[in-house]
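Participant: Curious how this folds, go ahead:
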Amino acid sequence: MKNLAIILLVVLGFTSCKDDKEEMPAEIQVNFEFSHFINGEELELDGKAYTLPSGESFIPSKFKYYISNITFENSQTGNSYTVADGYYLIDEAGKKEISLEVPTANYDKLSYYVGIDKARNLSTDQVGDLDPNNDMVWSWKTGYKFLVLEGEWEYQTADRRGLVVHIGNNDPESEINFKEFSFDLSSEGLSLGNQAMVDLDIEAEISSLFTGDSDLVVHELESTSIMGGPLAITVANNYQKNLFSIK
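Facilitator: Reported below is the predicted structural model:
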């Protein structure tokens, strides 16, 4: 009887291990949720006034951008997974979530880009989030707007003026303003492994458009319609530093 009991325990042990392996999900559901802030205050459109870094009162009316080329990586092995054909429009007035099915593995790095890569940027005959009806293509030339911020501002006066920031690129030989953002998940106390589902909360700080490599004083700008040119490059370089943080 004693030997039989030992045999049963061994068999049950093997069965349990087998069941654990069989129950391991083939994919991890990764849910991104984006939230937006100005100077740490949660963003509200069309009504609430915020203070920009250079002191202007600003009432935002629009904030949206493209997330693309999402990649999960294991820094120890070098193995990675990039979401194929992944172009996602994040809109304060609309969708702010992305849900993905990622092959099960241990990932400690996450990266993505703001904008559209050369492969898709100059072809606006697209569907889904790349549909031109989403108001993210240039009206006078081919290509997508990577990031859009619009609203009204004032500074020591009752007169309000428009602020329009459209960042993009239509040069087929360049990916200027197509900015990468990388995160060390382990340093944030996060990791992707054998879980069935992981939630990633990502915060975007809009004031980072105006501070960083080159601080911009909005009320001193010759024009507050930034749609290409050196100022757009400055804004993109700025927000690459501190636009996103992950929770």
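
Participant: which stretch of helix or strand covers the closest residue to residue 27 other than its chain neighbours?
Facilitator: Sequence neighbours aside, residue 101 is the residue nearest to residue 27 in space, at 4.4 Å (criterion: C-beta to C-beta, 6 or more residues apart in numbering). Where C-beta positions appear, they are placed from N, C-alpha and C, glycine not excepted. Assessed by DSSP states H and E, residue 101 sits inside strand 97-103.

Participant: Can you point out the buried residues in that strand?
Facilitator: Using 16 or more other C-beta atoms under 10 Å as the test for burial, strand 97-103 gives 98, 100, 102.

Participant: From the residues you listed, which one has the minimum pLDDT?
Facilitator: The lowest pLDDT within those belongs to residue 102, with 94.

Participant: Neighbouring strands - and their directions - for the strand holding residue 101?
Facilitator: Strand 97-103 sits in its sheet next to strand 27-38 (antiparallel), going by DSSP bridges.

Participant: neighbours of residue 218, just the number please.
Facilitator: Residue 218 is flanked by 18 other residues according to other C-beta atoms under 10 Å.

Participant: ok, it - contacts?
Facilitator: Contacts of residue 218 were listed using C-beta atoms under 8 Å, 6 or more residues apart in numbering, and they are 52, 54, 56, 58, 153, 155, 163, 210, 224.

Participant: Give me the distance from stretch 125-143 to the chain's centre.
Facilitator: Put simply, stretch 125-143 sits 19 Å off its chain's centre (C-alpha atoms, centre = their mean, to the nearest Å).

Participant: Span of it from start to end?
Facilitator: With C-alpha to C-alpha, to the nearest Å as the measure, stretch 125-143 spans 10 Å from end to end.

Participant: what mean pLDDT does that stretch have?
Facilitator: 86.

Participant: Show me which positions of that stretch end up buried.
Facilitator: By neighbour count on 16+ other C-beta under 10 Å, the buried set for stretch 125-143 is 129-130, 134, 136-138, 143.

Participant: now swap in stretch 229-245 and tell me
Facilitator: Within stretch 229-245, the residues scored as buried using 16+ other C-beta under 10 Å are 231-236, 238-240, 243-244.

Participant: And residue 199, how far from residue 217?
Facilitator: Per C-beta to C-beta, to the nearest Å, residue 199 is found 38 Å from residue 217.

Participant: helix, strand or coil for residue 176?
Facilitator: coil (DSSP: H, G, I helix; E, B strand; the rest coil).

Participant: Ok, the one 5 residues further on next?
Facilitator: Judged by three-state DSSP, the three-state class of residue 181 is strand.

Participant: Neighbours of it, how many?
Facilitator: Number of residues near residue 181 (other C-beta under 10 Å) recorded here: 17.

Participant: ok, now residue 160?
Facilitator: Neighbours of residue 160 under the rule other C-beta under 10 Å: 14.

Participant: what does residue 123 give?
Facilitator: Neighbours of residue 123 (other C-beta under 10 Å): 13.

Participant: can you pull the contacts of it?
Facilitator: Listed by C-beta under 8 Å, 6+ apart, the contact set of residue 123 reads residue 142.

Participant: Surely it is in a strand?
Facilitator: No: using three-state DSSP, the assignment for residue 123 is coil, not a strand.

Participant: Next one: it relative to residue 129, how far apart?
Facilitator: In this view, residue 123 and residue 129 are 14 Å apart by C-beta to C-beta.

Participant: Next: residue 71.
Facilitator: Noted for residue 71: a distance of 18 Å to residue 129, by C-beta to C-beta.

Participant: same question, residue 90
Facilitator: Separation of residue 90 from residue 129 (C-beta to C-beta): 9 Å.

Participant: Quickly list what's touching both of these two.
Facilitator: The contact sets of residue 90 and residue 129 overlap at residue 66 (C-beta under 8 Å, 6+ apart).
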